[in-house]
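Enquirer: Quick check, what structure comes out for this input:
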Amino acid sequence: MRGVDKSPRRRLSSWSGVGLSGVWAGCDEAGRNKVSRSEASRNGASHVKGERGGMSSSIQREVVEEYMEGFRTSDHARILATLTDDIEWVIHGHRTTVGKAEFDAEIENPAFTGSPKLEVSHTFEDDQTVIITGEGRGATVEHGPFSFVFCDLFHFHNGLISRVDSYVVPTS
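Expert: Numbers count the residues shown, from 1 in each chain. Now for the predicted structure:
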């Protein structure tokens, strides 16, 4: 692509308005650490991959993992237990659902068959927001199997997910 800077980032000032200062601080394109943990911390990184690729964990990350496992198994109760009553799910370019009842109806949308296969590639966290990226596979009733990549931003309130911004791009 023309004009794209592929050099490692030392600090990001913002990403989608959630203020992810330094999430990629000192990482190369593959996410490998290029600077020490202390240098990254001085530059504003909130979480930096360790030398062996491990990352610090949090309760919010665990809630997101529980949410994702619920989707992998179409377990409505498991998913709904991670959400606030006034949850808002914005699937950008498609629809917005508000409240647990609408969210519940979307978990197994009648236009799709079976449970999706979801693989999370990256997880980032900053304050009350957790962001995941990954790949998935699913099947629609009308068109059959398809693949996609996704980025989900989870906003938290009192330890539960209060808003999900989903960006989904079909790849097949």
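
Enquirer: most residues in a single helix of the chain, which one?
Expert: Counting by DSSP state H, the longest helix found in the chain is helix 59-72.

Enquirer: Show me what the helix or strand following that helix is in contact with.
Expert: Secondary structure here is assigned by DSSP states H and E; on that basis, the next helix or strand after helix 59-72 toward the C-terminus is helix 76-80. The list of residues contacting helix 76-80 from outside it, by Cβ atoms under 8 Å, 6 or more residues apart in numbering, reads 66-67, 69-71, 100, 103-104, 107-108. Any C-beta I mention is one placed from the backbone N, CA and C, and that applies to glycine too.

Enquirer: Likewise for stretch 160-169?
Expert: Counting by Cβ under 8 Å, 6+ apart, the neighbours of stretch 160-169 from elsewhere in the structure are 16, 63-64, 67, 82-84, 86-92, 94, 148-156.

Enquirer: what sits against residue 134?
Expert: Residue 134 is in contact with 118-122, 149-150, counting by Cβ under 8 Å, 6+ apart.
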